[in-house]
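>>> Quick check, what structure comes out for this input:
(chains A and B)
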Amino acid sequence: DAGVIQSPRHEVTEMGQEVTLRCKPISGHNSLFWYRQTMMRGLELLIYFNNNVPIDDSGMPEDRFSAKMPNASFSTLKIQPSEPRDSAVYFCASSSNEQFFGPGTRLTVL
Amino acid sequence: KQEVTQIPAALSVPEGENLVLNCSFTDSAIYNLQWFRQDPGKGLTSLLLIQSSQREQTSGRLNASLDKSSGRSTLYIAASQPGDSATYLCAVKGNYGQNFVFGPGTRLSVLP
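Numbering: from 1, shown residues only, chains lettered A, B, ... in the order given. Now for the predicted structure:
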C-alpha cells in the first residue's frame, strides 16, 4: 500500500482565495483524521470521520473551514476564504486500529 | 476530557546512552496508545502501538511500556544514535471514540 496520500504537498495562495486540500486514506481504514500543525499551537485535531461520517468537528476553527468525505477513498478539507493565520502544515491520517499519517500539505497564505 | 502530557519537553544526550521518554494521560479508560516520531519538516511516523490489554511492545532498540492504572507510558531507546534525533509524540485513543489525543512531544537531540 502507498500509505496515506495528500495533495498538494505545498500550496501558496493569496488571502481571500479558496484552498482545497485532498487526502486518500489507506485502503480498508475506517477512520480518517485532519490535523493542523503550527509551531505555536502544535498538532491540533480539526475533524475526524468514521465510515465516511463526520463524528467530531469541534476542532474546526471557524465556518471558513469545511471537510467532506464522499467515499471511503477520498476526503477534502476546504478553506474559503483563506487568511494568513491559516498558514500551517495540514496532515491527513487514517486508522483501523493503528494511525498512519500522510506527508502533509504545507499551506502558506500571503 | 483526556489530557496527555510529555516530560521532558526537550532532551539532549550523547550518542550511545540509553534514555527514557515519558507520556502521562489523565483518563485510564484507553483503547490503545501509540508512539510516533517526527523529523523536522516531515510527517509523523508510527513507532509502536500498545493495546490497552498489553504491558509493553518492542521494535528493535525501542521498547514502550504501558501502565494504565497510573496513567503512564514510557518509551525506552537503547544505545541512542544521532539518527534518533527527532520529536517523539505519544497519542492515546479512548474507549468511547475513534479520535486520538496527542501529547505535545519531546524533542530529542542525540549528539555524536
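>>> who does B:F25 bridge with?
B:V4 (DSSP bridges).
>>> Count residues in the vicinity of the closest residue to B:A9 other than its chain neighbours, would you?
The shortest distance from B:A9 to any non-neighbouring residue, by C-beta to C-beta, 6 or more residues apart in numbering or on different chains, is to B:T106 (6.4 Å). Glycine gets a C-beta too; all of them are placed from N, C-alpha and C. Neighbour count for B:T106, taken as other C-beta atoms under 10 Å in any protein chain shown: 21.
>>> Same question for the one 4 residues further on.
Using other C-beta under 10 Å, B:V110 is surrounded by 20 other residues.
>>> And for A:T20?
The number of residues packed near A:T20 is 14, by other C-beta under 10 Å.
>>> and the residue nearest to it when sequence neighbours are not counted, how many neighbours does it have?
Distance criterion C-beta to C-beta, 6+ apart; nearest residue to A:T20, sequence neighbours excluded, is A:K78 at 5.0 Å. Using other C-beta under 10 Å, A:K78 has 15 other residues around it.
>>> what pairs with the helix or strand containing A:K78, and is each one parallel or antiparallel?
Taking DSSP states H and E as the criterion, A:K78 maps to strand A:74-79. Partner strands and pairing direction for strand A:74-79 (DSSP bridges) are strand A:19-24 (antiparallel), strand A:65-71 (antiparallel).
>>> Need the contact partners of that strand.
Residues from elsewhere that reach strand A:74-79 (C-beta atoms under 8 Å, 6 or more residues apart in numbering or on different chains): A:18-25, A:32, A:34, A:46-47, A:49, A:64-69, A:86, A:90, A:92, A:107.
>>> List only buried entries from the residues you listed.
A:19, A:21-25, A:32, A:34, A:46-47, A:49, A:65, A:67, A:69, A:86, A:90, A:92, A:107 (16 or more other C-beta atoms under 10 Å in any protein chain shown).
>>> ok so, going back, state the pLDDT value of the residue nearest to B:A9.
Confidence at B:T106, expressed as pLDDT, is 97.
>>> export the strand holding A:K78 as PDB, just CAs?
Extracted as PDB, the C-alpha positions of strand A:74-79 are listed here (Å, rounded to 0.1, in the frame of the first residue of the first chain):
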ATOM      1  CA  PHE A  74     -11.200  10.300  -0.700                       C
ATOM      2  CA  SER A  75     -11.600  13.400   1.600                       C
ATOM      3  CA  THR A  76     -11.200  17.100   1.100                       C
ATOM      4  CA  LEU A  77     -10.500  20.000   3.500                       C
ATOM      5  CA  LYS A  78     -11.600  23.300   2.100                       C
ATOM      6  CA  ILE A  79     -10.800  26.800   3.400                       C
END
